[in-house]
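Visitor: pasting the sequence and the predicted model now:
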Amino acid sequence: MGTHRRSNGTAERRRLEWNPYWDEYFVVLMVNQVNKGKKRESGFSKDAWRSMVIKFNRKFNQTLHKQHLKHRYQYLKREYKIVKTLLDQTGFAWDERRKIVTAKTEAWDCYLSEHPEAKLYRTRGLPLMGELGIIFGNSTADNQQNHHGEKMEEAPRVRRALQPPVIFTDDDVATLDSESDESSCSREDMNALDQGNKRKFEILSPSHCDKKARKMDKLMVEALQEMADSLRFRTSRTVGPSSKQELKNCIEELQAMKDLDDQLFGKACKMLKDEKNAVIFMTLKGHHRLLWVNEMCVAL
């Protein structure tokens with residue numbers, strides 16, 4: 001009988017999909033704990049993890065355990081280390097406005113031949129690089145710039161999301177900590193979190209960009225962010241079939257676009273497999289969509 005129950009549990013394993021909106025909030029929680037002095041070289045304290053689990057579950061109406069967040073913590077740490085290592089190489093620089101790594105084609109080709117794990121970051125940005133620097137101990141990488149006046153390889157504009165969703169099952173948390181996560185957070189903790197969230201971008205705002213260009217870019221990014229976040233949040237709990245339907249909708253919209261040759265169409269189909277790109281594509285309309293597709297496909 002126990003075997004039967006176990007097999008049913010295996011068949012009904014809950015699938016958990018991390019989305020960009022979750023990532024952003026989790027990063028805010030971690031930065032807040034760092035600012036409170038609750039992270040050491042070995043990692044966050046038990047109290048810090050307990051607080052983050054409670055707040056995260058309350059925010060998104062989930063039932064995640066500490067090990068779920070720890071798993072994502074290690075994932076984000078790996079992302080940060082890859083980009084930080086890239087920026088330590090000669091010829092590589094950080095574009096603060098677009099939140100991407102820039103380098104000449106020759107430099108990319110040479111480095112990627114020995115470090116294929118960094119290939120994604122040739123075209124993908126890391127919008128929360130500054131916050132990840134605070135969490136993992138070195139935020140100076142974000143301020144690196146190229147002062148040689150050399151033309152860098154073209155790269156796509158900033159996308160708000162960190163990376164594609166990662167799906168976990170209950171098997172990934174078989175060794176969950178036995179601590180109780182049912183204790184409630186104080187009102188003071190919640191207020192501190194809200195204040196930290198409001199200061200999030202003020203603390204890490206770029207200081208070397210042209211003021212006018214930065215202002216226009218900020219307005220554009222914020223407008224797209226609000227629309228994209230809204231769409232992502234409504235679909236944050238859907239996996240599998242809904243993702244396929246979303247891609248199908250994108251392809252149908254793509255086929256209806258004019259001034260799109262076959263080569264560009266093929267590149268766009270490949271680009272839209274990325275969930276964050278699909279969200280932005282469906283949000284934009286008219287000539288703005290065409291301009292964005294052209295720019296994104298240049299780097300492919």
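Guide: Arrived safely.

Visitor: how much space between the spatially closest residue to residue 108 that is not a sequence neighbour and residue 285?
Guide: Closest residue to residue 108 in three dimensions, ignoring its sequence neighbours and counting by C-beta to C-beta, 6 or more residues apart in numbering: residue 122, at 5.6 Å. Where you see a C-beta, it was placed from the backbone N, CA and C, and this is true even at glycine. From residue 122 across to residue 285, the span is 29 Å (C-beta to C-beta, to the nearest Å).

Visitor: what about the two, which has more around it?
Guide: For the pair residue 122 and residue 285, the greater number of neighbours falls to residue 122 (19 against 9), based on other C-beta atoms under 10 Å.

Visitor: just checking, that one touches residue 112?
Guide: Yes. Assessed by C-beta atoms under 8 Å, residue 122 is found in contact with residue 112 at 7.2 Å.

Visitor: where does the stretch 1-150 of the chain dip in pLDDT?
Guide: For the stretch 1-150 of the chain, residues meeting the criterion pLDDT under 70 lie at 1-15, 138-150.

Visitor: all helices in it, in order from the N-terminus.
Guide: For the stretch 1-150 of the chain, the helices defined by DSSP state H, counting those that start in this stretch cover 2-11, 20-35, 46-60, 66-87, 105-114, 129-136.

Visitor: check which helices and strands the second one sits against.
Guide: It refers to helix 20-35. helix 46-60, helix 66-87, helix 129-136, helix 187-203, helix 211-234 (3 or more C-beta pairs under 8 Å, 6 or more residues apart in numbering; DSSP states H and E).

Visitor: tell me the buried residues in stretch 98-110?
Guide: Under the neighbour-count criterion of 16 or more other C-beta atoms under 10 Å, stretch 98-110 has 98-103, 107-108 buried.

Visitor: what distance separates the start and the end of it?
Guide: Between the opening and closing residues of stretch 98-110 lies a distance of 23 Å (C-alpha to C-alpha, to the nearest Å).

Visitor: next one: stretch 278-296
Guide: 12 Å.

Visitor: surely residue 268 meets residue 260?
Guide: Yes. Assessed by C-beta under 8 Å, residue 268 is found in contact with residue 260 at 7.2 Å.

Visitor: of the two, who's got more company?
Guide: A side-by-side neighbour count of residue 268 and residue 260, using other C-beta under 10 Å, places residue 268 first with 21 against 16.

Visitor: which parts of the helix or strand hosting that one are buried?
Guide: Counting by DSSP states H and E, the element that carries residue 268 is helix 262-271. Of the residues in helix 262-271, 264, 267-268, 271 count as buried by neighbour count, 16+ other C-beta under 10 Å.

Visitor: got any ranges where the stretch 151-300 of the chain has weak pLDDT?
Guide: Where the stretch 151-300 of the chain drops to pLDDT under 70, the residues are 151-243, 299-300.

Visitor: okay, and the beta partners of residue 40?
Guide: Note on residue 40: beta-bridge partners by DSSP bridges are residue 43.

Visitor: distance of it from residue 33?
Guide: For residue 40, the distance to residue 33 equals 11 Å [C-beta to C-beta].

Visitor: out of those two, which sits in the busier spot?
Guide: A direct count of neighbours by other C-beta under 10 Å for residue 40 and residue 33 places residue 33 higher, at 23 against 9.

Visitor: could you pull up the residues touching the residue nearest to the more buried one when sequence neighbours are not counted?
Guide: Excluding the flanking residues, the one nearest residue 33 by C-beta to C-beta, 6+ apart is residue 48, at 4.3 Å. By C-beta atoms under 8 Å, 6 or more residues apart in numbering, the contact set of residue 48 is 33, 36, 38-39.

Visitor: so which pair among those residues is furthest apart in space?
Guide: 36 and 39 (8.6 Å; C-beta to C-beta).
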